[in-house]
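Undergrad: my questions are about this predicted structure, shown below with the sequence.
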There are 2 protein chains.
Amino acid sequence: MARRPHTSPRKQASQERSRATVDALVEATARILVKEGFDKASTNRIAEKAGVSIGSLYQYFPSKEALVIAVIERHTRELMQVARAALAEVATLPVEQAVRRLVAAAIAAHRVDPRLHRVLSEQIPRTGRLGEIEIFNREFYALFRAYLENHRNELRSVDLELAAFMCVTAIEALTHTAVLYRPEMLSDDGAEALVDEATRLVTRYLR
Amino acid sequence: MARRPHTSPRKQASQERSRATVDALVEATARILVKEGFDKASTNRIAEKAGVSIGSLYQYFPSKEALVIAVIERHTRELMQVARAALAEVATLPVEQAVRRLVAAAIAAHRVDPRLHRVLSEQIPRTGRLGEIEIFNREFYALFRAYLENHRNELRSVDLELAAFMCVTAIEALTHTAVLYRPEMLSDDGAEALVDEATRLVTRYLR
DNA sequence: TTAAAATGCGAGCTATTACTCGCATTGTCC
DNA sequence: GGACAATGCGAGTAATAGCTCGCATTTTAA
């Protein structure tokens, strides 16, 4: 079976001690990505920052990429939670109110950990993990599309697939750009104006 | 002058021979970025592909980053040309026609060299040259805002700065996403539908 | 023609990287 | 307590990166 259990990577951590090691490594990776950037995030540096030896790192993560992916998955899980909760909460509301809440939720989601979000959104293409983000995206399209279907009577006649693409892409881009590159737009007044305008953009489009 | 010794060319190429060398290096960089990816684009590889020695490469480009930036600048210049031409052409048209042309132009711009555009849009954040793209962006905002000002009478009462942000961000995201990640949307019929919907999104928002 | 300037060359240096391996320490179970 | 697994360690390795430097070749200009 396991001829060299001491060197075969990606063990399952079964004891408490090793679970702490894994957590420390993922956390250190996230911190370094945020504070020092992708290029400084070498495996040796991550191990050092985590207070773990390089050997232990490779017991649980077979490569540097595996670490970054662990961070991506953790962050994506948090975003998904915000997104699903918002859509569920909004299911029975009329379009204008629903869109308003969704825009606010999108801003909130981007604010979960903006600096990490920024680094990851910049580095994900590089890691070739765009596919997994795409899965998340498709799920969100599907959820939003389902909402639109249930509120068909409030909408003009329109291809729901296309409409979902338009709305989700636009809201995502507006909130993403504002949070990451136009922080000055997010003062109390600014954020309110942004929500107003994004809501107007989408609702006028839909009906 | 050159406050960025690490990215500004080390030497001016004055003879024809050396200008050809510089061109070959930039072209080789672009080709490798597209065909082999950022990680394979080592200076040695670029020099080899360009048929130029590594020593000559470093006579004109002080770092690998400088080469990538040269590619970015070349590509950005082409995009700017498309963007400026479209806005000039559209200056006297009413909003709906203007927006329609601009959306079509945005798709055309993204299609100039989609694979290069994709690689660059993924790698620019990494190179820390987002600032220069931001300059391009701001110019485009300003041009579009100027258009809006000249057509104020066709618009509802709205903060033009904010409106320009909304429209430009939305159009950019829709065309960018469609061209790079939803190529199936760009069949003849699909492209037409996309232009229709994007036009509707923006025009309904503006008035 | 010829000296100087511009251009071109590539072996090889230095630094850094991802990653391995043999051994030490800690935990589990009887 | 003793045997065995799980976990932890870090010096060391091989690969590769960016980049320099001394010298060869070509062009310019007189």
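TA: Yep, it's here.

Undergrad: A:Leu120 contacts A:Glu78, correct?
TA: No: in this structure, A:Leu120 is not within contact of A:Glu78 by C-beta atoms under 8 Å, at 11.4 Å. (Glycine included, C-beta is placed from N, CA and C.)

Undergrad: the two: who's more crowded?
TA: Comparing A:Leu120 with A:Glu78 by other C-beta atoms under 10 Å in any protein chain shown, the one with more neighbours is A:Leu120, at 22 against 14.

Undergrad: buried residues, whatever helix or strand that one lives in. List them.
TA: Using DSSP states H and E, A:Leu120 sits in helix A:114-127. With burial defined by 16 or more other C-beta atoms under 10 Å in any protein chain shown, the residues of helix A:114-127 counted as buried are A:116-120, A:122-126.

Undergrad: now distance to DNA strand D and pLDDT too, for those residues, in JSON lines please.
TA: Converted to JSON lines, those look like this (distance: C-beta to the nearest atom of the strand, whole Å; pLDDT from 0 to 100):
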{"residue": "A:Leu116", "distance to DNA strand D": "25", "pLDDT": "94"}
{"residue": "A:His117", "distance to DNA strand D": "28", "pLDDT": "93"}
{"residue": "A:Arg118", "distance to DNA strand D": "24", "pLDDT": "91"}
{"residue": "A:Val119", "distance to DNA strand D": "21", "pLDDT": "90"}
{"residue": "A:Leu120", "distance to DNA strand D": "23", "pLDDT": "91"}
{"residue": "A:Glu122", "distance to DNA strand D": "19", "pLDDT": "84"}
{"residue": "A:Gln123", "distance to DNA strand D": "17", "pLDDT": "82"}
{"residue": "A:Ile124", "distance to DNA strand D": "21", "pLDDT": "83"}
{"residue": "A:Pro125", "distance to DNA strand D": "19", "pLDDT": "77"}
{"residue": "A:Arg126", "distance to DNA strand D": "15", "pLDDT": "73"}
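
Undergrad: chain B next: which of the residues you listed are close?
TA: A:122-123, A:125-126 (C-beta under 8 Å from any C-beta of the partner chain).

Undergrad: count the neighbours of the nearest residue to A:Glu172 once chain neighbours are set aside for me.
TA: Excluding the flanking residues, the one nearest A:Glu172 by C-beta to C-beta, 6 or more residues apart in numbering or on different chains is A:Ala106, at 6.8 Å. Neighbourhood size, A:Ala106 [other C-beta under 10 Å]: 24.

Undergrad: likewise A:His151?
TA: 17.

Undergrad: now the nearest residue to it once chain neighbours are set aside: how far from A:Val195?
TA: With sequence-adjacent residues excluded and distances taken as C-beta to C-beta, 6+ apart, A:His151 is closest to A:Val95, at 5.8 Å. For A:Val95, the distance to A:Val195 equals 15 Å [C-beta to C-beta, to the nearest Å].
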